[in-house]
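Novice: Here is a sequence together with a model predicted from it:
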Number of protein chains: 2
Amino acid sequence: MRLTDRTDYALRVLMVLASSGQRHTVPALAEAFGVSANHLTKVVQALQGLGLVQTSAGRNGGVELAAQPSAVTVGEIVRALEPDLHLVECLREHSTCPLEGPCRLVGVVRYAQAAFLAELDKATLADLIQGRQRRLLRAVPSAVSVHGSVI
Amino acid sequence: MRLTDRTDYALRVLMVLASSGQRHTVPALAEAFGVSANHLTKVVQALQGLGLVQTSAGRNGGVELAAQPSAVTVGEIVRALEPDLHLVECLREHSTCPLEGPCRLVGVVRYAQAAFLAELDKATLADLIQGRQRRLLRAVPSAVSVHGSVI
């Protein structure tokens, strides 16, 4: 039971962008997190599709936050990015489990999943970084270097 | 975010064994669930290692429950069988996330994970099958046929 790497890196990108309030290049963010720029480009594209970041091309181009950090919850981000929150087969669309009808497990797992997401809904992106912005940015120097942060 | 197939099938096996109170052969259970006997053997071995089932060899051999259904919770089973409940990298032992120190995400995810497992702890194996034993067994006829159920 793990969140995908995509969700994990998306949350990191959002925390850095929210902490700096600036525009960063994808290669600089990728270097800071030790992943390929190709992988992080896909993460950024997914975040752009959700309206959470915006990108601009050109010499001063990069990616920046497009949402209010206090207006987006961790739960919303996880729900939007996780491809499969169906913890067991019977929660998925084409279940083949023969026990599906009489089984009470599905209800128990649904409650547990709801409790999990309800906790994530309590925290906004702003909560994740509050009072920690400087420390968060110091932890990823390559993302905020002259080359990394373009504004 | 999914539970492993192993946990999924382990819960199914336990529900059938608890419903019948009898001994079943692994091939019959595997046929009932539409998986290979080889895969289900590994699931049964894991359950045996946890003391939840016991197996016996020979012509009348098979697998049967070794625990009181009211004494084992879904949470205990999931905790014992899931190889990785560390939803994000920072919950794992060798995290390489540079944000780990100042980041508040780890606390948020820990609370969410605890809320998830707390819900699963509320339901015992007995709760999953209560009043449904006959319907559950009717759903897996090949597991309770003459060849499937040996007692």
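Specialist: The structure has been received and is ready for your questions.
Novice: Now do the helices in chain A.
Specialist: Assigned by DSSP state H, chain A shows helices spanning A:5-20, A:26-33, A:37-49, A:74-81, A:105-121, A:125-129, A:133-138.
Novice: could the ones you listed be laid out in TSV, adding distance to B:Val13, mean neighbour count and mean pLDDT?
Specialist: Using the backbone N, CA and C atoms, a C-beta is placed for each residue, glycine as well. Formatted as TSV, the helices of chain A follow (distance: least, Cβ to Cβ, whole Å; neighbours: other Cβ atoms under 10 Å in any protein chain shown; pLDDT from 0 to 100):
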stretch	distance to B:Val13	mean neighbour count	mean pLDDT
helix A:5-20	31	23	94
helix A:26-33	41	22	92
helix A:37-49	38	17	96
helix A:74-81	31	20	94
helix A:105-121	12	19	92
helix A:125-129	40	21	95
helix A:133-138	46	16	90
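Novice: Make a markdown table out of the ones you listed and add distance to B:Leu52.
Specialist: Output for these, formatted as a markdown table (distance: least, Cβ to Cβ, whole Å):
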| stretch | distance to B:Leu52 |
| --- | --- |
| helix A:5-20 | 32 |
| helix A:26-33 | 41 |
| helix A:37-49 | 40 |
| helix A:74-81 | 32 |
| helix A:105-121 | 15 |
| helix A:125-129 | 39 |
| helix A:133-138 | 44 |
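Novice: Now do stretch A:129-138: distance to the chain's middle.
Specialist: Mean-position distance between stretch A:129-138 and its chain equals 17 Å (Cα atoms, centre = their mean, to the nearest Å).
Novice: same check, this time on stretch A:71-79
Specialist: That offset, for stretch A:71-79, works out to 8 Å (Cα atoms, centre = their mean).
Novice: Can you tell me how far the nearest residue to A:Pro83 once chain neighbours are set aside is from A:Ala126?
Specialist: Spatial nearest neighbour of A:Pro83, excluding adjacent residues (Cβ to Cβ, 6 or more residues apart in numbering or on different chains): A:Thr4 at 6.8 Å. Counting by Cβ to Cβ, to the nearest Å, the gap from A:Thr4 to A:Ala126 is 24 Å.
Novice: mind checking pLDDT for the residue of chain A positioned farthest from its centre?
Specialist: Using Cα atoms, centre = their mean, the residue of chain A lying farthest from its centre is A:Pro102. It sits 36.7 Å away. As predicted, A:Pro102 sits at a pLDDT of 80.
Novice: my guess is it contacts B:Ala139, does it?
Specialist: Yes: counting by Cβ atoms under 8 Å, A:Pro102 does reach B:Ala139; the two are 6.2 Å apart.
Novice: For the closest residue to A:Leu128 other than its chain neighbours, give me its contacts.
Specialist: Distance criterion Cβ to Cβ, 6+ apart; nearest residue to A:Leu128, sequence neighbours excluded, is B:Arg104 at 4.8 Å. By Cβ atoms under 8 Å, 6 or more residues apart in numbering or on different chains, B:Arg104 lies in contact with A:Ala123, A:Asp127, A:Leu128, A:Ile129, A:Gln130, A:Arg132.
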